[in-house]
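[1] Everything below, folded, please.
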Amino acid sequence: MRRTAYKTFGRQFDPSALAGFMNARGITIYGLAFEVGGSQQTVRKWLASSATPRPGTLLMICSVLKCRLDDLAPKVVAAPSIPAPRIHDRRDKPARAAYFQKGRA
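    Okay, here's the model as predicted:
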């Protein structure tokens, strides 16, 4: 299952949670689309993980389903940072021009 991240907010949308809350509340795809002012196709895309609701729409979904934002888009735990690989500096090797200046050519 593919989850889509809201990088700005540090959250990740979970379509399976959306489907679970829709089933628990007895709300259909048409009903959710009507309540949030979208189309049925858009809600199907959310459930199929091919699209994610915009942040404002996500808040409307939470109010319709009577759930918290953390239920549908939990915060992403940041992975520990890995140090960047060392990039070789020009000073590590003599410049080509210096090779020719020494009369080796």
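[2] Now do the helices in this protein.
    Listed in chain order, the helices of the chain (DSSP state H) span residues 15-25, 29-36, 40-47, 55-65, 69-72, 96-101.
[3] Touching the fifth one from outside, list them.
    Okay, so that is helix 69-72. Arg11, Phe13, Asp14, Ala17, Leu18, Phe21, Leu58, Leu59, Ile61, Cys62, Leu65 (CB atoms under 8 Å, 6 or more residues apart in numbering). To be clear about C-beta, it is placed using only N, CA and C from the backbone, and glycine gets the same treatment.
[4] residue ranges with poor pLDDT in this protein?
    Counting by pLDDT under 70, the chain contains low-confidence ranges at 1-8, 78-105.
[5] If we use 90, what do you get?
    1-12, 55, 73-105 (pLDDT under 90).
[6] Stretch 62-73: which residues count as buried?
    Cys62, Val64, Leu65, Cys67, Leu72, Ala73 (16 or more other CB atoms under 10 Å).
[7] Name the nearest residue to the first one, ignoring sequence neighbours.
    Closest residue to Cys62 in three dimensions, ignoring its sequence neighbours and counting by CB to CB, 6 or more residues apart in numbering: Leu69, at 5.5 Å.
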